[in-house]
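Q: got a structure for you, letters missing:
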């Protein structure tokens, strides 16, 4: 089994900062992509920031310059530093990983349970 466990969400005022963490655990052989998506009420889930194959980083245009994704490969952990937060950043943030559990297993997508981020005064 593989689990993605997020932490770090909460309530913050506009202009504030939060740091999200996501740790992947379980039977993991290789992680090919890992990052963050978010879903606001009444909207589709959207990409926020991800590491992809070849260590490429993708950011949503709406968060470029404000959010920074980083990772600790030894801990299978990815972080999202969110600065200059805006009310429109309010959403449930989901950790995502595309990984292999080892020889004989197909690569699969895994999702965390989500963590709420609310930006409000």
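A: Yep, that arrived. All figures in this text were calculated on a predicted structure; none of them were measured in a lab. Residues are numbered from 1 along each chain as shown.
Q: quick one, what contacts the residue most central in space within the chain?
A: For the chain, the residue lying nearest the average C-alpha position, counting by Cα atoms, centre = their mean, turns out to be residue 36 (2.3 Å). Residue 36 is in contact with 20, 22, 47-50, 69, 78, 80, 93-96, counting by Cβ atoms under 8 Å, 6 or more residues apart in numbering. C-beta coordinates here come from the backbone N, C-alpha and C atoms, glycine included.
Q: and what of residue 25?
A: Applying Cβ under 8 Å, 6+ apart, the residues contacting residue 25 are 2, 3, 5, 76.
Q: quick one: it and residue 76, what's the gap?
A: From residue 25 across to residue 76, the span is 7 Å (Cβ to Cβ, to the nearest Å).
Q: With adjacent residues omitted, what lies nearest to the residue nearest to the centre of the chain?
A: Spatial nearest neighbour of residue 36, chain neighbours left out: residue 48 (4.3 Å); criterion: Cβ to Cβ, 6 or more residues apart in numbering.
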